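K.L.:
Any chance you could fold what I've pasted below:
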Amino acid sequence: MQTRRIGTAEVGAIGLGGMPMSIEGRPDEARSLATVHAALDAGVTLIDTADAYHLHADEVGHNESLIAKALASHSRGSEVLVATKGGHLRPGDGSWTVDGSPGHLRRACEASLARLGVEAIGLYQFHRPDPAVPYEESVGALRDLLDEGKIQQAGISNANPEQIRLAYDILGGRLASVQNQFSPAFRSSEPELELCRELGIAFLPWSPFGGIKNAGGLGSSHSPFKSVADAHGVSPQRACLAWLLAKSPTVVPIPGSSRPETVIDSAAAAELELTAAEVAELDAA
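P.N.:
As a prediction, the model looks like this:
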């Protein structure tokens with residue numbers, strides 16, 4: 001698999017999003033472990049998770065614990081960069097809330113460290129801006145965790161260009177990643193993607209297929225992706241990831257998966273080269 005950089009880390013060009021293994025519709029643990037192991041076997045070395053990826057209020061960090069178990073039981077587990085996040089919460093009733101206070105982010109990081117069983121988190125990202133907390137205070141908490149060695153790299157998620165520039169300055173140029181939604185159906189993060197290219201920051205598109213409910217129908221809802229996929233004899237999902245990779249050398253897509261066969265298909269996108277005409281066609285779709 002071709003590689004890309006996230007800060008100082010070299011990772012496979014396609015990552016794995018762990019959320020589908022822990023929220024609504026989650027598979028049994030055996031299938032989830034098999035999915036992570038299949039990803040590692042396919043060359044994936046970046047796994048995205050968060051303390052908020054869980055169902056019930058009493059199982060905060062379910063996905064982090066699951067990922068830690070999967071990595072501990074695979075020979076290549078130590079080679080993986082685990083990216084987790086704090087600042088977004090699920091009370092257990094299906095809703096989402098935010099807490100970007102420095103105190104909460106510090107406590108969340110400490111808890112994630114324990115669940116992941118590491119001395120320092122490879123990549124820790126502020127999950128979502130909190131309107132009640134000045135953004136510079138939230139990012140300042142990441143800077144402190146970075147300076148203390150509790151995290152190896154810092155990133156932000158769901159951020160706009162102004163917030164990216166602010167975080168870049170607060171972290172003294174050490175902003176490693178920006179994780180925003182980006183897919184054929186959701187392209188409003190194009191300015192953020194371009195800014196990350198300009199600054200040399202990894203851009204990690206989440207829900208690159210348009211979300212769990214829409215992923216399977218990508219080819220029917222966006223016919224140009226099916227046409228390009230058919231020309232290469234691959235799935236529309238694989239063509240979509242190849243398109244994202246072609247948009248910028250700083251892009252590292254993190255498609256979610258809960259089945260070995262889908263993660264294997266996604267990982268293969270790193271070897272699919274689209275022509276300039278195909279990329280332009282998909283850009284215009």
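K.L.:
what ranges do the helices span in the stretch 151-285 of the chain?
P.N.:
Using DSSP state H, counting those that start in this stretch, the helices of the stretch 151-285 of the chain run over residues 161-170, 190-199, 218-221, 223-232, 236-247, 260-267, 276-284.
K.L.:
Could you tell me how far Ile201 is located from Gly87?
P.N.:
19 Å (CB to CB, to the nearest Å). Heads up, the C-betas are built off the backbone N, CA and C, glycines and all.
K.L.:
If you count surrounding residues, which of those two has more?
P.N.:
Comparing Ile201 with Gly87 by other CB atoms under 10 Å, the one with more neighbours is Gly87, at 28 against 24.
K.L.:
Now the more buried one: closest residue in space that isn't a chain neighbour?
P.N.:
His127 (4.2 Å; CB to CB, 6 or more residues apart in numbering).
K.L.:
which residues touch that neighbour?
P.N.:
Residues near His127 by CB atoms under 8 Å, 6 or more residues apart in numbering: 50, 52, 85-88, 98, 157-158.
K.L.:
Next up, the contacts around Ser138.
P.N.:
Ser138 touches 87, 100-102, 105, 126, 129-130, counting by CB under 8 Å, 6+ apart.
K.L.:
Return the distance of it relative to Glu148.
P.N.:
Noted for Ser138: a distance of 16 Å to Glu148, by CB to CB.
K.L.:
Which SSE is immediately downstream of the top helix by length along the chain?
P.N.:
In the chain, with assignment by DSSP state H, the single longest helix is helix 102-116. Using DSSP states H and E, the helix or strand that follows helix 102-116 in sequence is strand 123-126.
K.L.:
elements contacting that next one?
P.N.:
On a contact count with 3 or more CB pairs under 8 Å, 6 or more residues apart in numbering; DSSP states H and E, strand 123-126 meets strand 81-86, helix 102-116, helix 135-147, strand 154-157, strand 175-179.
K.L.:
rerun that using 6 Å as the cut-off
P.N.:
Applying 3 or more CB pairs under 6 Å, 6 or more residues apart in numbering; DSSP states H and E, one finds that strand 123-126 contacts strand 154-157.
K.L.:
Quick check: mean pLDDT of the strand it packs on?
P.N.:
What strand 154-157 shows for mean pLDDT is 98.
K.L.:
chain center to it: distance?
P.N.:
Averaging C-alpha positions (CA atoms, centre = their mean, to the nearest Å) puts strand 154-157 10 Å from its chain's average.
K.L.:
strands paired with it, and their directions?
P.N.:
According to DSSP bridges, strand 154-157 has the following sheet partners: strand 123-126 (parallel), strand 175-179 (parallel).
K.L.:
In TSV, list these along with mean pLDDT and mean neighbour count.
P.N.:
Output for these, formatted as TSV (pLDDT from 0 to 100; neighbours: other CB atoms under 10 Å):
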stretch	mean pLDDT	mean neighbour count
strand 123-126	98	27
strand 175-179	98	27
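K.L.:
Once you drop chain neighbours, what's closest to the residue lying farthest from the centre of the chain?
P.N.:
Centroid-distance maximum for the chain: Ala231 at 28.4 Å, with CA atoms, centre = their mean. Leaving aside its chain neighbours, Ala231 sits nearest to Glu278 (7.7 Å; criterion: CB to CB, 6+ apart).
K.L.:
burial measure for the one you found, as a count.
P.N.:
Using other CB under 10 Å: Glu278 sits among 19 other residues.
K.L.:
do the same with Gly173
P.N.:
Gly173 - counted by other CB under 10 Å - has 10 other residues nearby.
K.L.:
go on, Ser101?
P.N.:
16.
K.L.:
how much space between the closest residue in space to it that isn't next to it in sequence and Val118?
P.N.:
Of all residues not flanking Ser101 in the chain, Val133 sits nearest, at 5.3 Å (CB to CB, 6+ apart). Distance, Val133 to Val118, by CB to CB: 27 Å.
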